[in-house]
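Asks: Generate a structure from the sequence data that follows.
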Amino acid sequence: MHKTSVKQRLPLYILLCYILSFYTGFNMSAAQFVLLDMKTEFAISSTLMAAISSAQMITSLGMSLLFSGLLDRLDNKKVMLAGCFCSILGSIIAGFSNGPIMTLISYMVSGIGGNMLLATPFPAMTKLDPARITLHVNRQQGALSCGAFISPLLMALLINEIGLGWRWSYHISTGMLIAITIFFCFAPSPGKSGEVAGVAEETPEERKARRRIILTPAFICMGLGLALYMFMEIGLLSYAKDYFMVGLNDILGASLCISVVRGGMTLSRLFGERLIKNRVWMSIGTMGLSGLCLLLMAIFRLPVVSLIWYALFGLVAGPCWPTILSMGLSLDTKSSGKLTSILMLFNNVGNNLGNLLIGACVDMMEVGNAYYAAAGISLIGVVVLLIGVRSFRRLGQIPEGPEWSSAQQQELPLAN
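Replies: Here you go, the predicted model:
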């Protein structure tokens, strides 16, 4: 009876994680969409806005460091609700902001809450359904991409066509998150990610070996893989409009490029895992093909053709980040909270370094040529992932994933 009850409870919390990720993508894109309007109203310079964004980044990094030692010891639902309440508060402050000071406060409060909302779903999904963690991370990221895709379209309709002010983007996001928070209040908690029912207590040697997981080449390479992927993605998205407007004088391409990438990512993250169960092929293949798309953008710079490369990038790059993350989490499901926090640190470093270094390349040799550097990063990423896969095997783990392993075992009797 107990097993049946647990099976009925699992999908609800994971479904709420999907919905929460949709909100996260929606909120981030909405805030980006109205950023220029907010800067104009408050007369915030680009330098001051960069400083405000840096304060949010530092807050998020600090929360990641704090969570690396706490996330496995805390009840997942309580952390999730704390993140929701902080994000609601930050969104309310932003919606009623009267200048740079309130904007800074809202960004810092949102940075605290946003870090919780980004990191907490992964330990919950790892505990509730470890065998299908790759599927859940892909769907969760697909929901995030879907929110990021829909948000600017809705904001364009509400602000540009209907005439609502930029503050409405925050009011809408606040209402969405309040509704999601209410559902989370009534959802059963998965508990602490470090507690696994029905598993014998560890010996001191086993516990010590688990703590060393973060120092293994397998884990470090997964973290570097995330950083290198973000280096590519942020380099592409941050300068996509510049690529079309400055390099190609293509207004249509500049309007559609980011939505095309997000749309492709949404599709491949939601359905790509069904096509390829092997995590090794998925991670390495998508990393390499993403670099190939960047190379094609650098070589063939034509208005319509370049937009096709952007669409292909979205399709092939979509499953890369979720698959690498799920491989890193699978190294130790009992410490998925700690692993998530450390992997997010790698992710944030790659995000910010990518923005800075690709920006420097753009200044030195224009956007199209800068994509050669981004394509080279993908090659490094493939090598790093190959080293990580080799370390997986040395640890006695199956990097291809449990679903691939189960499928192989089912095929053996048929072959015999």
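
Asks: Domain-wise, how is this structure divided?
Replies: If you go by automatic domain parsing, the domain ranges for the chain are 1-190, 205-402.

Asks: Make CSV from the ones you listed and add mean neighbour count to it.
Replies: Using the backbone N, CA and C atoms, a C-beta is placed for each residue, glycine as well. CSV is the format used below for those (neighbours: other C-beta atoms under 10 Å):
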stretch, mean neighbour count
domain 1-190, 18
domain 205-402, 20
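
Asks: export those to TSV and tack on mean pLDDT?
Replies: TSV is the format used below for the domains of the chain (pLDDT from 0 to 100):
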stretch	mean pLDDT
domain 1-190	84
domain 205-402	87
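
Asks: Which secondary structure element is home to Phe149?
Replies: Taking DSSP states H and E as the definition, one finds Phe149 inside helix 133-155.

Asks: Restrict that helix to CA atoms and write it as CSV.
Replies: Output of helix 133-155 as CSV, limited to C-alpha atoms (Å, rounded to 0.1, in the frame of the first residue of the first chain):
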residue,chain,number,x,y,z
ILE,A,133,16.7,12.0,-14.1
THR,A,134,17.9,12.8,-17.7
LEU,A,135,14.3,12.7,-18.9
HIS,A,136,13.1,15.0,-16.1
VAL,A,137,15.9,17.5,-16.5
ASN,A,138,15.3,17.7,-20.2
ARG,A,139,11.6,18.3,-19.7
GLN,A,140,12.3,20.8,-16.9
GLN,A,141,14.7,22.7,-19.1
GLY,A,142,12.2,22.4,-22.0
ALA,A,143,9.6,24.1,-19.8
LEU,A,144,12.1,26.8,-18.9
SER,A,145,12.8,27.4,-22.6
CYS,A,146,9.1,27.4,-23.4
GLY,A,147,8.5,30.1,-20.9
ALA,A,148,11.5,32.1,-22.2
PHE,A,149,10.0,31.7,-25.8
ILE,A,150,6.4,32.8,-24.9
SER,A,151,7.3,35.6,-22.6
PRO,A,152,8.7,38.2,-25.1
LEU,A,153,5.8,37.5,-27.5
LEU,A,154,3.2,38.1,-24.8
MET,A,155,5.1,41.2,-23.5
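
Asks: next one: that helix to chain centre, how far?
Replies: How far helix 133-155 lies from its chain's middle: 9 Å, per C-alpha atoms, centre = their mean, to the nearest Å.

Asks: After it, which helix or strand is next? Please name it.
Replies: By DSSP H and E, the next helix or strand past helix 133-155 is helix 167-186.

Asks: So which elements touch that following helix?
Replies: For helix 167-186, the elements it packs on are helix 2-33, helix 76-95, judged by 3 or more C-beta pairs under 8 Å, 6 or more residues apart in numbering; DSSP states H and E.

Asks: Out of those helices, which gets nearest to Met364?
Replies: Closest of the helices and strands packed on helix 167-186 to Met364 is helix 2-33, at 25.8 Å (criterion: C-beta to C-beta).

Asks: Determine the set of other helices and strands touching the following helix or strand past the closest one.
Replies: Using DSSP H and E, the helix or strand that directly follows helix 2-33 along the chain is helix 35-42. Other elements packing on helix 35-42 under the criterion 3+ C-beta pairs under 8 Å, 6+ apart are helix 46-70, helix 100-119.

Asks: circling back to that earlier point, so which of the helices and strands packed on helix 167-186 is nearest Val137?
Replies: helix 2-33 (9.9 Å).

Asks: residue closest to the middle of the protein?
Replies: Computing the C-alpha centroid of the chain and ranking residues by C-alpha atoms, centre = their mean puts Gln141 first, at 6.1 Å.

Asks: ok so, going back, what angle do the helix holding Phe149 and helix 167-186 make?
Replies: Interaxial angle of helix 133-155 relative to helix 167-186 (axes from the mean of the first three to the mean of the last three C-alpha atoms, to 10 degrees): 150 degrees.

Asks: Specify the angle between helix 133-155 and helix 100-119 in degrees.
Replies: Taking the same axes, to 10 degrees, one finds helix 133-155 and helix 100-119 inclined to each other by 150 degrees.

Asks: Give me the helices and strands touching the lengthiest helix in the chain, please.
Replies: In the chain, assigned by DSSP state H, the helix with the most residues is helix 336-394. Helix 336-394 sits against helix 46-70, helix 100-119, helix 121-128, helix 217-238, helix 279-299, helix 320-329, with contacts defined as 3+ C-beta pairs under 8 Å, 6+ apart.

Asks: right, and those - which one's nearest Phe149?
Replies: Counting by C-beta to C-beta, Phe149 lies closest to helix 217-238 out of the helices and strands packed on helix 336-394; the figure is 12.4 Å.

Asks: Now the element after that closest one, going C-ward?
Replies: Downstream of helix 217-238, the first helix or strand assigned by DSSP H and E is helix 240-242.

Asks: what about that next one, distance to the chain center?
Replies: Using C-alpha atoms, centre = their mean, the offset of helix 240-242 from its chain centre is 21 Å.

Asks: and the following helix or strand past it, what other elements does it pack with?
Replies: Reading on from helix 240-242 to the C-terminus, the next helix or strand found by DSSP H and E is helix 251-275. With contacts defined as 3+ C-beta pairs under 8 Å, 6+ apart, helix 251-275 has these neighbours: helix 133-155, helix 217-238, helix 240-242, helix 303-317.
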